[in-house]
Structure formats: C-alpha cells, structure tokens
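Peer 1: Give me the fold of what follows.
(chains A and B)
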Amino acid sequence: EADIYQTPRYLVIGTGKKITLECSQTMGHDKMYWYQQDPGMELHLIHYSYGVNSTEKGDLSSESTVSRIRTEHFPLTLESARPSHTSQYLCASSGGTNSPLHFGNGTRLTVT
Amino acid sequence: AQSVTQLGSHVSVSEGALVLLRCNYSSSVPPYLFWYVQYPNQGLQLLLKYTSAATLVKGINGFEAEFKKSETSFHLTKPSAHMSDAAEYFCAVTSRSGNTPLVFGKGTRLSVIA
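Peer 2: Take a look at the predicted model:
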C-alpha cells in the first residue's frame, strides 16, 4: 500500500564506500524527511525538505547529505561509509499543514 | 521547543486486556498530536491524529486516544488487546503552523501475552 518507496531494502557495504539511499514518493508531497533509527530505538531526524531545492539539517548531526531536485525524489548520500553509520534509515513525506507522515519501509544499512 | 514523553519503554498485557500507552507533551501552544505504530522491519504507520477537532480521537485497529489539555496528555488505549497489536508505538507532536518537523517520543514496545 506504500506510496513512498525506499531502495535498497537492505545494504551491506565496506568502510569507505560511497552510497546513496533512494527515496521516491508518488503523492506529490512537498515535505520529505529522513530519519535514522537504531533497532528498537527512537527516531532521529537527520534531514528534511519543504520543497524543491530546499533542504535542512535535522536534530541529529549526520555526515550524510541530501538533495531535492525533483518533488518526488529525496536521495540521501554517504560519501564515505563507516561502521557508525550502521542503522536503519526511514524516509517519509507529508502534504498539508496537519497532514500525517507517510513512511517508506526503510533501508537497513550495515557497514563492515 | 516541543517534545513528547512516553512513559514506559515496554508494556506487556494479556490478550483481551486493556491496552494503555502513555504520552505527555510539552508545547507552549496547542499542538497537533499523532500516534504511529511500527511492526518489525517496517516503516511507521499512522494510527490516529489530533488536530483540534474532537478531543477523543478514534483510529485504526480499534485504538483511540484522548487529548487532555489540563494534563498535557494524549494516551493511547484499546479495550481488548490482540496478539497482532504487538509492535512499537510512537507518540509525536508538531506545531499547528506546520513549519516544524514532527518530533517523536522514544517509543513504547507493546507485548501481548497469550
């Protein structure tokens, strides 16, 4: 039922590699978000965007970067992955002012 | 700054028993409040939301929550727990302006015992 898609679903990579986590939504939502979540733990906002060419850092310091060139696409990039980046990354989007977030199923990243 | 506090990182109930998950918010202005559920290896799914209409909000899967301004609370309840309710539950808050991202609580893991 998800209208927001994240790929890959699982990723295991070596230290130092550059990776991009993909997130796309088909709902035309202006607002998109990236959260980091360790297993069974709280969500930490790392990046968000309220529209094309607009991005902001969230509460959690992150070595990742994002871009918003198209409304439907909000990729997250790690230039040089480290074991400390091992986590689950959740993408979400929302429409109007009091609209709820729609979440993707997440990307579970393991850096060896 | 807005925040939510979820009391109890883990709640365990028997099948058929009442479910009560607690959430208290902190906000200088009346907020919008949400409850989300997360099943293993999935993203979060909206259970219900409070946006200043009725204070008793009904959601999916038989859950409901009541906004109590005097207690700054938004507790989630379900009269009778089902095994399929076992999951992680998150309370979240945002401002009515819509200019601030959603802030999540630390989550409460609900276990249902047969």
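Peer 1: Can you identify the element that follows the worst-scoring helix or strand of chain B on mean pLDDT toward the C-terminus?
Peer 2: Sorting the helices and strands of chain B by mean pLDDT, DSSP states H and E puts strand B:103-104 at the bottom, at a mean of 90. Downstream of strand B:103-104, the next assigned helix or strand under DSSP states H and E is strand B:108-113.
Peer 1: which strands and helices sit next to that next one?
Peer 2: Packing contacts for strand B:108-113, counted by 3 or more Cβ pairs under 8 Å, 6 or more residues apart in numbering or on different chains; DSSP states H and E, involve strand B:10-14, strand B:19-26, strand B:87-94. The way it works is simple: take the backbone N, C-alpha and C, and place the C-beta from them, glycine included.
Peer 1: Out of those, the one nearest A:Ile13 is which?
Peer 2: For the helices and strands packed on strand B:108-113, proximity to A:Ile13 was assessed by Cβ to Cβ; strand B:87-94 is nearest, at 26.5 Å.
Peer 1: What strands flank the closest one, and is each parallel or antiparallel?
Peer 2: strand B:32-38 (antiparallel), strand B:103-104 (antiparallel), strand B:108-113 (antiparallel) (DSSP bridges).
Peer 1: Dump that strand to CSV, restricted to CA.
Peer 2: Extracted in CSV, the C-alpha atoms of strand B:87-94 (Å, rounded to 0.1, in the frame of the first residue of the first chain):
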residue,chain,number,x,y,z
ALA,B,87,4.6,-3.7,18.0
GLU,B,88,6.4,-0.5,18.7
TYR,B,89,4.2,2.6,19.3
PHE,B,90,5.4,6.2,18.9
CYS,B,91,3.7,9.4,20.0
ALA,B,92,4.6,12.5,18.0
VAL,B,93,4.0,16.3,18.2
THR,B,94,4.2,19.2,15.8
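Peer 1: mean confidence score for it?
Peer 2: Throughout strand B:87-94, pLDDT has a mean value of 94.
Peer 1: Please work out which residues outside that strand touch it.
Peer 2: A:40, A:42-43, A:98, B:2-4, B:6, B:21, B:23, B:25, B:27, B:31-40, B:44, B:47, B:74, B:76, B:100-105, B:107-110 (Cβ atoms under 8 Å, 6 or more residues apart in numbering or on different chains).
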